[in-house]
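Engineer: turn this into a model:
(2 chains)
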Protein chains: 2
Amino acid sequence: MQIIDGKKIAAEIKAEIAAEVKQIIASGGKQPHLAAILVGHDGGSETYVAGKVKDCEDCNFKSTLIRFEDSVTEEILISEVRKLNANPDVDGFIVQLPLPRHINEHKILEAIDYRKDVDGFHPVNVGRMSIGLPCFISATPFGIVELLRRYNIETAGKHCTVLGRSNIVGKPVASLLMQKNNPGDCTVTVCHSRTKDIKNYCLDADIIIAALGVPGFLKGNMVKDGAVVIDVGTTRVPVPSSETKTGFRLKGDVEFEEVAPKCSFITPVPGGVGPMTRVALMKNTLLACKGNIFSEN
Amino acid sequence: MQIIDGKKIAAEIKAEIAAEVKQIIASGGKQPHLAAILVGHDGGSETYVAGKVKDCEDCNFKSTLIRFEDSVTEEILISEVRKLNANPDVDGFIVQLPLPRHINEHKILEAIDYRKDVDGFHPVNVGRMSIGLPCFISATPFGIVELLRRYNIETAGKHCTVLGRSNIVGKPVASLLMQKNNPGDCTVTVCHSRTKDIKNYCLDADIIIAALGVPGFLKGNMVKDGAVVIDVGTTRVPVPSSETKTGFRLKGDVEFEEVAPKCSFITPVPGGVGPMTRVALMKNTLLACKGNIFSEN
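Structural biologist: Down below sits the predicted model:
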């Protein structure tokens, strides 16, 4: 059994990006520039955006943070999006989700020029990924596929069971892994809340992507020997204050102690998929800056 | 065992559309207008486009056929697409595929305004379908889902095995049937040329969508009792000239004589999914004409 070290791989990728950017700048090229729009003062969003600004520093990117209060109107947000679309110095930008309830998230995301949509949530990027065309792949599916790639895990002809059908994990990772590609070429089964006998689809799987958001869902008796298990769950569960300062810890969808001994590869939580999702944004921003991703088709 | 009569359902839908259009026109509304661009003189394409023009007549639509020779340049085609995008009288239009080799199909399809993309091939429509937003659904997935709907076939919680991962059938029908929707809510497995033990995924399925393009692929011993089988295959196979005038007949991916007795529902070839694909275009053009599909999000 090998533990997939997402933290280590993420650091490697960041170092690769930083080195490439250094070289680009040294040879007179443009420094990648990521902008982020943050609405309100949600604690989680503040933390995520601060992490992104820090990642930009680590990667030698320029970053710009644009803040609005919770009371901002849809019109003002869209006009800011249009400004960023038109600003040639900004290679890519994100609008940190969630947005306040009076704002239509889909409307904002679709206003983003898909060529600057480094979060990969615009329908053009989702559609191009499904069709198999070059695109910005969103953070979590990118992280999962990159871990499979960097650990040389064979995927062709394997049965991959995806637990969860969310727009940000289940559906896109299923879409990626069924493509004629490497990683890819999997037989893919997508399970969700309406699936009967979910255990059978897990027991039959060579690769399990657990993204239900149900802590400890996947038990030892649901996994066959030699399986590859990727745990996307990150639920905060309360723990005695003696254990952590914060009073909670992150728990994945996988009952790690039971499942790990049966696996050929498994990701831990934390330190598996999580760190990889952060580098996806850096990778996409670099691609946007280099600017040839949509030119070929 | 019940045979799903696609020809009958397609005729019903066409009659419904025709009646609605009559009423729209009677109350002073706009007559739906479909335009088609046809390049060259490919026999299949000529037949398909002629069928679409005829369908427009049956549905009380206006239709316009725009022809180019095989030698047309990408630039000229794109400028025609832009003209149709800008023409307020044209509600929807299609570019008949395949295009000559010197033309980049994806480039042409992406030039179409997605709000007029009644074939549903533009990445925005593919992406919106995956996300679960209103969109134009392409012909074959629309036809399949509409047959399931009109025959009141239960899909929620059922295991649906899709054979084939093409961009025009396998991927989009898998995407539709995994959505939280009715029809939908299926556990979906996508199989393809790299799948091992494809028979097992078929034997386990409550619903099989066969779209490999391999005539007679699905045999009687690959289907469980009571399964629903949707046959998307339409391969021309040669037959003795005494049998048909043309010297060939259409053969599906399903060995009908063996499989049908085991099924609760099955589509024949011809007369199953085929006729339904034609009405999808009419349905989408009517939706485009009524014009509220993308306004909500």
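Engineer: now do the longest helix anywhere in chain A: distance to the chain's middle.
Structural biologist: Of all the segments of type helix in chain A, defined by DSSP state H, the longest one is helix A:6-26. Offset of helix A:6-26 from its chain centre (Cα atoms, centre = their mean, to the nearest Å): 18 Å.
Engineer: just checking, what packs against the helix or strand that that helix is followed by?
Structural biologist: Next helix or strand after helix A:6-26 toward the C-terminus (DSSP states H and E): strand A:33-39. With contacts defined as 3 or more Cβ pairs under 8 Å, 6 or more residues apart in numbering or on different chains; DSSP states H and E, the packing partners of strand A:33-39 are helix A:43-58, strand A:62-68, helix A:74-86, strand A:92-95, helix A:273-290. C-beta: built from backbone N, CA, C; applies to glycine.
Engineer: return the most buried member of these.
Structural biologist: Among these, strand A:92-95 has the highest mean neighbour count (mean count of other Cβ atoms under 10 Å in any protein chain shown), at a mean of 26.
Engineer: following that strand, which helix or strand comes up?
Structural biologist: Heading towards the C-terminus - elements assigned by DSSP H and E - strand A:92-95 is followed by helix A:105-111.
Engineer: from the chain's centroid, how far away is the helix or strand following that next one?
Structural biologist: Scanning forward in sequence from helix A:105-111 by DSSP H and E, the next helix or strand is helix A:123-131. Shown here is helix A:123-131, whose average C-alpha point lies 16 Å from the average C-alpha point of the whole chain (Cα atoms, centre = their mean).
Engineer: what mean pLDDT does the longest helix of chain A have?
Structural biologist: Taken as a whole, helix A:6-26 has a mean pLDDT of 97.
Engineer: still on that earlier bit, between the helices and strands packed on strand A:33-39, which one is closest to chain B.
Structural biologist: The closest of these to chain B is helix A:74-86. By Cβ to the nearest Cβ, the value is 11.0 Å.
Engineer: can you list the residues of the stretch 51-200 of chain A near chain B?
Structural biologist: Proximity of the stretch 51-200 of chain A to chain B is assessed by Cβ under 8 Å from any Cβ of the partner chain, with A:104, A:106-107, A:110, A:122-128, A:130-133, A:156-157, A:159, A:165, A:167, A:171-172, A:174-175, A:178-180, A:185-192, A:194-196 identified as the residues in range.
Engineer: hmm, try it at 6 Å
Structural biologist: Residues of the stretch 51-200 of chain A found near chain B, taking Cβ under 6 Å from any Cβ of the partner chain as the criterion, are A:104, A:106-107, A:123-124, A:126-128, A:130-131, A:156-157, A:165, A:167, A:171, A:178, A:185, A:187-191, A:194-196.
Engineer: helices along the stretch 101-250 of chain A, start to end?
Structural biologist: Under the criterion DSSP state H, counting those that start in this stretch, the stretch 101-250 of chain A contains helices at A:105-111, A:123-131, A:139-150, A:170-178, A:198-203.
Engineer: which of those helices sits closest to B:Cys263?
Structural biologist: Closest approach to B:Cys263 among the helices of the stretch 101-250 of chain A is made by helix A:198-203 (22.6 Å; Cβ to Cβ).
Engineer: CA atoms only: put that closest one into CSV for me.
Structural biologist: Output for helix A:198-203, consisting of C-alpha atoms alone and laid out as CSV, is shown next (Å, rounded to 0.1, in the frame of the first residue of the first chain):
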residue,chain,number,x,y,z
ILE,A,198,-23.7,1.3,-3.9
LYS,A,199,-21.5,-1.2,-2.2
ASN,A,200,-21.5,-3.5,-5.2
TYR,A,201,-20.2,-0.7,-7.5
CYS,A,202,-17.5,0.0,-5.0
LEU,A,203,-16.5,-3.6,-4.6
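Engineer: helices or strands up against that helix?
Structural biologist: Packed against helix A:198-203 by the contact rule (3 or more Cβ pairs under 6 Å, 6 or more residues apart in numbering or on different chains; DSSP states H and E) you find strand A:187-191.
Engineer: rounded mean pLDDT for the strand it packs on, please.
Structural biologist: Predicted confidence along strand A:187-191 averages 98 (mean pLDDT).
Engineer: what's next to stretch A:58-75, contact-wise?
Structural biologist: Applying Cβ atoms under 6 Å, 6 or more residues apart in numbering or on different chains, the set of residues contacting stretch A:58-75 from outside is A:14, A:17-18, A:21-22, A:31-40, A:53, A:56, A:100, A:103, A:282.
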